[in-house]
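what would the 3D arrangement of this be:
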Amino acid sequence: MEETGGEVMISGHRWEHLWIGGHLATMAGRDGGYGEIRNGAVAARGDRIVWIGLESELPAAPERCARTVHRIEGRWISPGLVDCHTHLIFAGDRSGEYEARLEGVSYEDIARAGGGIRTTMRATREASEEELLGAAQERLSRLAAEGVTTVEVKSGYGLDLPTELRMLRVGRRLDDRSDVDVQTTFLGAHALPPEFDGRREAYLALVLEEMIPRAVDEGLADAVDAFCDEIAFTPEECEAVLSSGREAGLRGRLHADQLSDQGGAGLAARLGASSADHLEYASRRGVEAMAEA
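Model prediction:
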């Protein structure tokens, strides 16, 4: 540290920003805690944090350490939040179905009656790319305001090639237009669309032979996902989807054991998936397989 013209130089450069007057959540705690620095300070240069510690340990008065000093008045600073499972891109709403669920109707009953995913599918197919983008941008801005800095977004409400690709393109545009890091996941195996009722093998072939290759060729997806449950796809079908995606260079994810135990947790572990989500009905064996993986 040296002084130049009344300014404190840290490693030859003055800090650009310094936050003081608050507390820091380090997420590096011991003994079960989250880790904290009371009355801490954070300094940044460019887009990098370059110093963190107790405010009392600053090398000089705050105004001499940084060009801009932010006083946060007792607030907490934490690492950016990561929302690793969202369906941010869609049209329409299911408020009526939510009310029915509050009255005791199960999600499975709603789905088997043609609601659930298919309700959103119909609205999303009718929406333009710009309409989907506008609605998704508003949702993303609310997440960012709550501290989310990285978000995963899935397709899966098109269930046909044009709409699935349209959703993934919106995801890429969100990433370009926002400071939030947006990761996209192809979820064509979310539900069986009505035009393929009674033709499961044909739809699975569409997912494997057309949807995944197009998503990869156009650089629209970072990962592939599937819904493993009685009302969606079998473990064998999900394995085919994740394996195909992995061969194409996509990371694997899995909607696993949400409504019943289909062995999804164990399947995700065996396939080396990045995540197994939901897991309300995962067995002990499945959880142990995930732990081992």
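
next one: residue 151 from residue 165, what distance?
20 Å (CB to CB, to the nearest Å). The C-beta positions use only the backbone N, C-alpha and C, and glycine is treated the same way.

of these two, which one has the most company?
For residue 151 versus residue 165, neighbours defined as other CB atoms under 10 Å are more numerous around residue 151 (24 against 21).

now do the same for the closest residue to the more buried one other than its chain neighbours: its pLDDT.
Spatial nearest neighbour of residue 151, chain neighbours left out: residue 83 (4.6 Å); criterion: CB to CB, 6 or more residues apart in numbering. According to the prediction, residue 83 has pLDDT 97.

now stretch 116-135: mean pLDDT?
96.

got the end-to-end distance for it?
With CA to CA, to the nearest Å as the measure, stretch 116-135 spans 19 Å from end to end.

can you show me the strands along the stretch 151-293 of the chain?
181-189, 223-228, 251-256, 275-278 (DSSP state E, counting those that start in this stretch).

residue 30: which of those strands is closest?
Closest to residue 30 of the strands of the stretch 151-293 of the chain is strand 275-278 (CB to CB; 26.4 Å).

check which helices and strands that closest one is in contact with.
strand 81-86, strand 251-256, helix 264-271 (3 or more CB pairs under 8 Å, 6 or more residues apart in numbering; DSSP states H and E).

can you give the strand pairings for the second one, parallel or anti for each?
Sheet pairing for strand 251-256, assigned by DSSP bridges, gives strand 223-228 (parallel), strand 275-278 (parallel).

distance to residue 160 and mean pLDDT added to the ones you listed, as a markdown table?
Compiled in a markdown table, these are given as follows (distance: least, CB to CB, whole Å; pLDDT from 0 to 100):
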| stretch | distance to residue 160 | mean pLDDT |
| --- | --- | --- |
| strand 223-228 | 16 | 98 |
| strand 275-278 | 24 | 96 |
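
determine which stretch of the ones you listed is the most buried.
strand 223-228 (a mean of 28; mean count of other CB atoms under 10 Å).

and the helix or strand hosting residue 97, which residues are buried?
Under the criterion of DSSP states H and E, residue 97 resides in helix 95-102. The neighbour-count check on helix 95-102 (16 or more other CB atoms under 10 Å) flags 97, 100 as buried.

ok, residues contacting it?
For helix 95-102, contacts defined as CB atoms under 8 Å, 6 or more residues apart in numbering pick out 107, 110, 115-116, 119.

and it, how far out from the chain middle?
25 Å (CA atoms, centre = their mean, to the nearest Å).

what's the helix or strand following that helix in contact with?
Note on helix 95-102: by DSSP H and E, the next helix or strand toward the C-terminus is helix 107-112. Contact partners of helix 107-112, identified using CB under 8 Å, 6+ apart, comprise 97, 100-101, 116-118, 191, 230-231, 259.

just the buried ones from the residues you listed, in ChimeraX syntax?
Per 16+ other CB under 10 Å, the buried members of those correspond to this ChimeraX selection:
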select :97,100,116,117,118,191,231,259
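
for the contacts of helix 107-112, which one is nearest residue 215?
residue 191 (17.6 Å).

what sits against the closest residue to the closest one other than its chain neighbours?
The spatially closest residue to residue 191, leaving aside those adjacent along the chain, is residue 117, at 4.1 Å (CB to CB, 6+ apart). By CB under 8 Å, 6+ apart, the residues touching residue 117 are 111, 156-157, 159, 190-191.

just confirm residue 17 is within a strand.
Yes - under DSSP: H, G, I helix; E, B strand; the rest coil, residue 17 sits within a strand.

roughly how far does the nearest residue to it once chain neighbours are set aside sit from residue 36?
The shortest distance from residue 17 to any non-neighbouring residue, by CB to CB, 6+ apart, is to residue 44 (4.6 Å). When CB to CB is the yardstick, residue 44 and residue 36 sit 20 Å from each other.

do the same with residue 76
8 Å.

could you pull out the helices in the protein for me?
62-65, 95-102, 107-112, 117-126, 129-145, 161-177, 200-206, 212-217, 235-247, 264-271, 284-292 (DSSP state H).
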